[in-house]
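Enquirer: Sharing a sequence plus its predicted fold:
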Amino acid sequence: MEIAWDRSGIRQRLNKDFYLSDDVVGLARELLGKALCVDLGEGLCAGLITETEAYAGATDRASHAYGGRRTERTRVMYSAGGVAYIYLCYGMHSLFNVVTGSEGTPHAVLVRGIWPLEGLGLMQQRLGRSRVEAAHTRGPGKLSKALGIHHSMTGTDLLGNRIWIADVRVRPPDKSVRVTTRIGIDYAGDDAGRPYRFVWDTEDQRSFLG
DNA sequence: CGGCCGATCCACT
DNA sequence: GTGGATCGGCCGA
């Protein structure tokens, strides 16, 4: 089955204006189907974003910036939208977030899964597998490993030439998107119950993409 | 400076 | 479904 995505769009970065929206939950939804692209000099790797979570900055107890907290780690979250916030989780996983909103507003979207599109050979190599499938790039730690994203890259400009997000004319229909609570944030009190996670249904991905 | 623990993953049962 | 791996950020002393 032919994969229905527009390969010619892969170098066309999303505009700065896209990232500057203060509607971080809306952006988390809009990022589904966009292509997360990485080129570290070894070749282009890209995957369609299939799962996201919104972190609503200073008012969200699940956010690292809750209460307006500024530390060396969270400093980048206060940038104007369009840079990467990447941090180390559990001592071994680099988790990739898109900083969004206007400057001073520490909103971010965690990318939790991708559908592998480009650079499959490189992903295989990084993952130590003989072939790569969607299951191997679903999970925030796994997708970073596949794409070569490391927490030392936090602050990377998403309009630059190392990490960017492209519109490749894919948009999962609402009926294929499940909206749920976020994962692993039980400590966040009432905010743990907010519907801030967006998941492109796995079966629907298959029927849409092959 | 010490201790706790996390926006996870995998192997094993 | 449980536990171990593994380490930087954060907070309190």
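Expert: Thanks, I have the structure now.
Enquirer: mind listing the helices for chain A?
Expert: Assigned by DSSP state H, chain A shows helices spanning A:16-20, A:24-30, A:120-127, A:140-147, A:202-209.
Enquirer: closest to DNA strand B out of these?
Expert: Among the helices of chain A, helix A:140-147 comes nearest to DNA strand B, with 3.2 Å by Cβ to the nearest atom of the strand. For the C-beta atoms, the positions are set from N, CA and C on the backbone; glycine is no exception.
Enquirer: Just the angle for that closest one relative to helix A:120-127, thanks.
Expert: Interaxial angle of helix A:140-147 relative to helix A:120-127 (axes from the mean of the first three to the mean of the last three Cα atoms, to 10 degrees): 120 degrees.
Enquirer: Which strands or helices does helix A:140-147 pack on?
Expert: Identification of packing neighbours for helix A:140-147 by 3 or more Cβ pairs under 8 Å, 6 or more residues apart in numbering; DSSP states H and E yields strand A:35-39, strand A:44-56, strand A:84-89, strand A:93-100, strand A:107-118, helix A:120-127.
Enquirer: so how far is the second one from its chain's centroid?
Expert: Taking Cα atoms, centre = their mean, to the nearest Å, one finds strand A:44-56 lying 3 Å from the centre of the chain it belongs to.
Enquirer: and it, does that touch DNA strand C?
Expert: No. Against DNA strand C, strand A:44-56 shows no contacts by Cβ under 7 Å from any atom of the strand, the least distance being 13.1 Å.
Enquirer: is that strand anywhere near DNA strand B?
Expert: Yes. Against DNA strand B, strand A:44-56 shows contacts by Cβ under 7 Å from any atom of the strand at A:53, A:55.
Enquirer: repeat for the first one
Expert: No. Contact between strand A:35-39 and DNA strand B is absent, the nearest approach being 14.3 Å (criterion: Cβ under 7 Å from any atom of the strand).
Enquirer: Dump the helices and strands packed on helix A:140-147 into JSON lines; add mean pLDDT and mean neighbour count as well.
Expert: Shown next, in JSON lines, are these (pLDDT from 0 to 100; neighbours: other Cβ atoms under 10 Å):
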{"stretch": "strand A:35-39", "mean pLDDT": "98", "mean neighbour count": "23"}
{"stretch": "strand A:44-56", "mean pLDDT": "98", "mean neighbour count": "25"}
{"stretch": "strand A:84-89", "mean pLDDT": "98", "mean neighbour count": "19"}
{"stretch": "strand A:93-100", "mean pLDDT": "98", "mean neighbour count": "24"}
{"stretch": "strand A:107-118", "mean pLDDT": "98", "mean neighbour count": "25"}
{"stretch": "helix A:120-127", "mean pLDDT": "96", "mean neighbour count": "17"}
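Enquirer: could I get the ones you listed as TSV with distance to residue A:63?
Expert: Below are the helices and strands packed on helix A:140-147 laid out as TSV (distance: least, Cβ to Cβ, whole Å):
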stretch	distance to residue A:63
strand A:35-39	21
strand A:44-56	4
strand A:84-89	10
strand A:93-100	10
strand A:107-118	7
helix A:120-127	29
